[in-house]
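> Below are the sequence and a predicted model; questions follow.
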Amino acid sequence: MSDEIKLVEENSLEIDNKIPEESNPIIKFENATISQGKVVLSDVNLEINKGEFVYLIGKTGTGKSSLLKTIYADLPLTSGFGEVCEIPLLKIKKRKIPYLRRKIGIVFQDFQLLQDRNLYKNIEFVLKAIGVKDKNEIESKINWALENVGLLDKKFEKPYNMSEGEMQRVAIARAIVNQPELIIGDEPTGNLDPITSEEIIKLLLKINKDHNTTILMATHDYLVIEKYRSRVICCEDGKLIG
């Protein structure tokens, strides 16, 4: 039995099973196939309810990123049933993808900030991309997001003047600015030192608790998983477990 599977079983005792506010799960897969050139995960069955905080673990190349990309429609669902934020994924039309992504915030490992723009402009860029045009609304949303991550006083700073931890906080602000139903973290602590990683996890847990935002976070940081226990699912041998 692998270390990943053991960790799933150990953590299963720690899960805080929240009662979903809505009857429909935020994420639901039934007998789904996840592919990226070839089949990566088969017979995927998964339900994640509103307000859950879920870790996604597994060795490199086992399908974590492919699953996440399928959830936000960067990869097409090959077969089976898949639904995210009540939008079906199988054969999703291109015009529907922007509507799905407005309901999702994504935090990447490498921050993906525009270095030539200050924090305000980095987040404004995202809002304009999803069709928010009113200047007062934009300012209100950006201030709210930056205040939530403790960076309101630095909104006119450029990313290159900030620490990696602060840049990841900006990335989180960008992810929550439209108050999404779901936040996906693709190794959001992968480039951070242990102390900063813990600070980022605490921030995500706070967002999860304060706003009842569903969070699915891929990670290799087992120390964090052990310290801040929650539901764990695992990619292994072409299957999704947990």
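Perfect, I can see it now. Just so you know, these numbers come straight off a predicted model, no measurement behind them.
> List the contacts of the residue most central in space within the chain.
Centroid-nearest residue in the chain, with Cα atoms, centre = their mean: residue 184, separated by 0.9 Å. By Cβ atoms under 8 Å, 6 or more residues apart in numbering, the contact set of residue 184 is 68, 71, 72, 104, 105, 106, 107, 215, 216, 217. C-beta here means a position set from N, CA and C on the backbone, and glycine is covered the same way.
> Contact partners for residue 86?
Residues in contact with residue 86 (Cβ under 8 Å, 6+ apart) are residue 24.
> likewise residue 239?
41, 42, 43, 44.
> let's see 10 Å
41, 42, 43, 44, 45, 58, 62, 63 (Cβ atoms under 10 Å, 6 or more residues apart in numbering).
> Report pLDDT for it.
Residue 239 carries a pLDDT value of 95.
> Give the bridge partners for it, please.
Residues in a beta bridge with residue 239, per DSSP bridges, are residue 236.
> Please renumber the chain so that the first residue is 810 from this point on.
Yes, from this point I'll number from 810; that puts the last item at residue 1048.
> Filter the contacts of residue 1048 down to the ones in strands?
850, 851, 852, 853, 854 (DSSP state E).
> Could you verify my assumption that the last one touches residue 840?
This points to residue 854. Yes - counting by Cβ atoms under 10 Å, residue 840 is a contact partner of residue 854 at 6.6 Å.
> where do the contact lists of these two overlap?
With Cβ under 10 Å, 6+ apart as the test, residue 854 and residue 840 both reach 889, 890.
> Thanks again, I'm all set now.
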